[in-house]
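**Student:** sequence isn't available, so here's the structure alone:
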């Protein structure tokens with residue numbers, strides 16, 4: 001594993017010598033110490049446990065007679081012991097969240113009546129948490145945000161409802177027509193709410209107090225979803241020739257196109273706290289063969305850049321641990337690797 005930061009040209013020769021001296025010892029570490037599991041079947045998704053001690057991984061089987069076969073496993077990153085938790089039948093588009101030693105997932109077999117289930121992480125106890133879910137739903141560690149049809153004398157009224165996973169209570173958020181959830185912060189404290197009759201300008205709702213803050217950037221120009229950092233929401237914002245990551249409330253630029261050293265690309269993601277933005281860069285031959293994969297990290301606090309050499313693996317599903325001290329990723333479709341930051 002090789003890491004290097006943005007270089008001062010005057011120091012290039014000195015840094016190259018250091019990298020050459022460290023190459024031998026670090027390459028051995030990549031292949032021998034950070035492989036957590038190798039599966040015979042391709043892996044679809046990975047998730048960290050809240051304790052950062054385990055990783056859940058998903059194996060999908062598209063050849064079941066009805067729907068999509070989804071098998072959920074867990075692996076201890078210290079002992080590398082793994083076990084199957086549960087087999088379920090689902091459809092593509094399901095979402096999963098881990099909280100309070102429970103696995104929450106949406107069942108999408110009926111698109112007009114999605115259901116939310118929970119399972120104890122041991123796989124022994126499962127229950128139906130909520131049904132009659134339609135359209136887009138969002139899960140955080142504490143809440144489920146979804147659209148609900150409120151009876152009305154004239155026409156059905158669709159509005160956003162916040163369901164508390166712990167208490168089982170729910171409440172309508174910003175009652176009125178044409179509002180819908182866009183995203184929810186990882187801790188569930190902030191809900192980004194779209195309101196289609198406000199010219200595409202969304203609102204930010206404090207889920208504890210109900211306070212609503214109008215935002216200045218239209219979600220119509222939000223190219224790549226939404227990201228959270230210190231209670232604020234950001235988006236990859238495209239406006240004509242301009243493309244940068246902006247604060248949805250203030251419009252201030254967090255990362256510019258020059259900082260990203262890339263075009264407007266949805267390959268960028270945020271770490272859980274928003275401290276890092278990252279993407280995987282592949283180097284391929286003219287014939288399309290993969291030669292190298294690099295993980296690019298940008299510290300959003302000081303714009304310090306780090307590049308991590310991941311060898312010649314096909315890399316996807318990069319996930320930060322909750323404490324952001326480690327990264328897990330799927331390599332070559334069927335292996336899980338861990339990197340210490």
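**Tutor:** Looks like it arrived, so ask away. Nothing here was measured: the structure is a model prediction, and the numbers come from that model.
**Student:** name the single longest strand found in this protein.
**Tutor:** If each strand of the chain is counted by residues according to DSSP state E, the longest one is strand 126-139.
**Student:** for it, buried residues please.
**Tutor:** 129-130, 133, 136-139 (16 or more other Cβ atoms under 10 Å). (Glycine included, C-beta is placed from N, CA and C.)
**Student:** again, but for stretch 332-341
**Tutor:** 332, 336-337, 339.
**Student:** got it, and stretch 57-75?
**Tutor:** 57-60, 67-75.
**Student:** go on, stretch 247-267?
**Tutor:** Neighbour count says stretch 247-267 has 247-249, 254-255, 257, 259-260, 264 buried, by 16+ other Cβ under 10 Å.
**Student:** from those residues, which land in strands?
**Tutor:** 247, 254-255.
**Student:** pull up the distance across stretch 300-313, start to finish.
**Tutor:** Its first and final residues considered, stretch 300-313 spans 27 Å by Cα to Cα, to the nearest Å.
**Student:** ditto for stretch 202-211
**Tutor:** End to end - Cα to Cα - stretch 202-211 spans 14 Å.
**Student:** still on that earlier bit, TSV for the buried residues of stretch 57-75, including pLDDT, secondary structure and distance to residue 275?
**Tutor:** Listed next are these as TSV, based on pLDDT from 0 to 100; DSSP: H, G, I helix; E, B strand; the rest coil; distance: Cβ to Cβ, whole Å:
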residue	pLDDT	secondary structure	distance to residue 275
57	95	strand	25
58	94	strand	26
59	94	strand	31
60	92	strand	31
67	81	coil	38
68	89	strand	34
69	90	strand	37
70	92	strand	31
71	93	strand	33
72	93	strand	29
73	94	strand	29
74	93	strand	26
75	93	strand	26
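**Student:** quickly find the element holding residue 103.
**Tutor:** Assigned by DSSP states H and E, residue 103 falls within strand 102-107.
**Student:** what's the first helix or strand after that strand?
**Tutor:** Next element after strand 102-107 (DSSP H and E): strand 114-120.
**Student:** pLDDT on that next one, on average?
**Tutor:** Mean pLDDT, strand 114-120: 90.
**Student:** just stretch 251-269 next, same as before
**Tutor:** Averaged across stretch 251-269, pLDDT comes to 78.
**Student:** mind listing the strands for the stretch 201-341 of the chain?
**Tutor:** Listed from the start of the chain, the stretch 201-341 of the chain has strands (DSSP state E, counting those that start in this stretch) covering 203-206, 212-214, 222-229, 232-239, 242-247, 253-255, 269-270, 276-284, 290-299, 305-309, 315-320, 326-331, 335-340.
**Student:** among those, which is nearest residue 107?
**Tutor:** Set against residue 107 and scored by Cβ to Cβ, the strands of the stretch 201-341 of the chain come closest in strand 315-320, at 21.9 Å.
**Student:** that closest one: which residues count as buried?
**Tutor:** Neighbour-count burial for strand 315-320 [16+ other Cβ under 10 Å]: 315-320.
**Student:** run the angle between it and strand 326-331 for me.
**Tutor:** Interaxial angle of strand 315-320 relative to strand 326-331 (axes from the mean of the first three to the mean of the last three Cα atoms, to 10 degrees): 160 degrees.
**Student:** list the strands paired with strand 315-320, with their directions.
**Tutor:** Paired strands of strand 315-320, with direction, are strand 326-331 (antiparallel) (DSSP bridges).
**Student:** one step back: residue 220: which of the buried residues of stretch 247-267 is nearest?
**Tutor:** Of those, the one sitting nearest to residue 220 (Cβ to Cβ) turns out to be residue 248, at 12.5 Å.
**Student:** how near is that closest one to residue 209?
**Tutor:** The spacing between residue 248 and residue 209, counted by Cβ to Cβ, to the nearest Å, is 19 Å.
**Student:** pLDDT weak spots in this protein?
**Tutor:** 1-33, 136, 152-156, 174-178, 196-198, 240-241, 261-264 (pLDDT under 70).
**Student:** domain-wise, how is it divided?
**Tutor:** The chain breaks down into these domains under automatic domain parsing: 1-33+267-341, 44-133.
**Student:** just so I know, which of those domains lies nearest residue 222?
**Tutor:** Among the domains of the chain, domain 1-33+267-341 sits nearest to residue 222 (Cβ to Cβ), with 13.2 Å.
**Student:** ok, residues contacting stretch 116-125?
**Tutor:** With contacts defined as Cβ atoms under 8 Å, 6 or more residues apart in numbering, stretch 116-125 is touched by 49, 72, 74, 84-86, 98, 101-107, 126-131, 133, 137, 144, 165.
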